[in-house]
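K.L.:
Sharing a model that was predicted from the sequence below.
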Amino acid sequence: MLTASPCISVCHMDADTGWCRGCYRTIAEIAEWGQASEAEKQLVWQALPVRHADAQYPEAMLNQRLLQAR
């Protein structure tokens, strides 16, 4: 099974955290996603719940359902 991207089309990088406000990935993680191995994608996904919990912006609620589905 291929690992889906966490992108929810809310693309705005947060200057304080360095994460996208929609998917919580760094710009490097976003840029490398298409070439990343399944194992690398899974490692990124494993980091997202912690980043989601730490997020201090309104967009965090938009991705809550996606994170719960994983």
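P.N.:
That came through, no problem. Numbers count the residues shown, from 1 in each chain.

K.L.:
Any regions of this structure where pLDDT drops low?
P.N.:
Scanning the chain with the threshold set as pLDDT under 70 gives 62, 64-70.

K.L.:
longest helix of this protein?
P.N.:
helix 38-54 (DSSP state H).

K.L.:
If you count neighbours, what's buried in that one?
P.N.:
Buried residues in helix 38-54, defined by neighbour count with 16 or more other CB atoms under 10 Å: Lys41, Val44, Trp45, Leu48, Arg51, His52. All C-beta spots, glycine's among them, are computed from the backbone N, C-alpha and C.

K.L.:
give me phi/psi at Trp19?
P.N.:
Backbone torsions of Trp19, given as degrees, to the nearest 10, read phi -100, psi 150.

K.L.:
check contacts around it.
P.N.:
By CB atoms under 8 Å, 6 or more residues apart in numbering, the contact list for Trp19 reads Met13, Arg25, Thr26, Arg51, Ala55.

K.L.:
filter those residues to the buried ones?
P.N.:
Here, 16+ other CB under 10 Å leaves Arg25, Thr26, Arg51, Ala55 buried among these.

K.L.:
Verify the stated contact: Ala60 with Asp54.
P.N.:
No: using CB atoms under 8 Å, Ala60 makes no contact with Asp54, being 9.1 Å away.

K.L.:
returning to that earlier point: for the longest helix of the chain, list the C-alpha coordinates in CSV.
P.N.:
Provided in CSV are the C-alpha atoms of helix 38-54 (Å, rounded to 0.1, in the frame of the first residue of the first chain):
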residue,chain,number,x,y,z
GLU,A,38,7.7,4.2,2.0
ALA,A,39,9.8,3.9,5.1
GLU,A,40,10.7,7.6,5.0
LYS,A,41,7.1,8.6,4.4
GLN,A,42,6.1,6.6,7.4
LEU,A,43,8.7,8.3,9.6
VAL,A,44,7.3,11.7,8.5
TRP,A,45,3.7,10.5,9.3
GLN,A,46,4.9,9.4,12.8
ALA,A,47,6.1,12.9,13.6
LEU,A,48,2.9,14.6,12.5
PRO,A,49,0.7,13.9,15.6
VAL,A,50,3.3,15.5,17.9
ARG,A,51,3.6,18.5,15.6
HIS,A,52,-0.2,18.7,15.4
ALA,A,53,-0.5,18.7,19.2
ASP,A,54,2.1,21.5,19.4
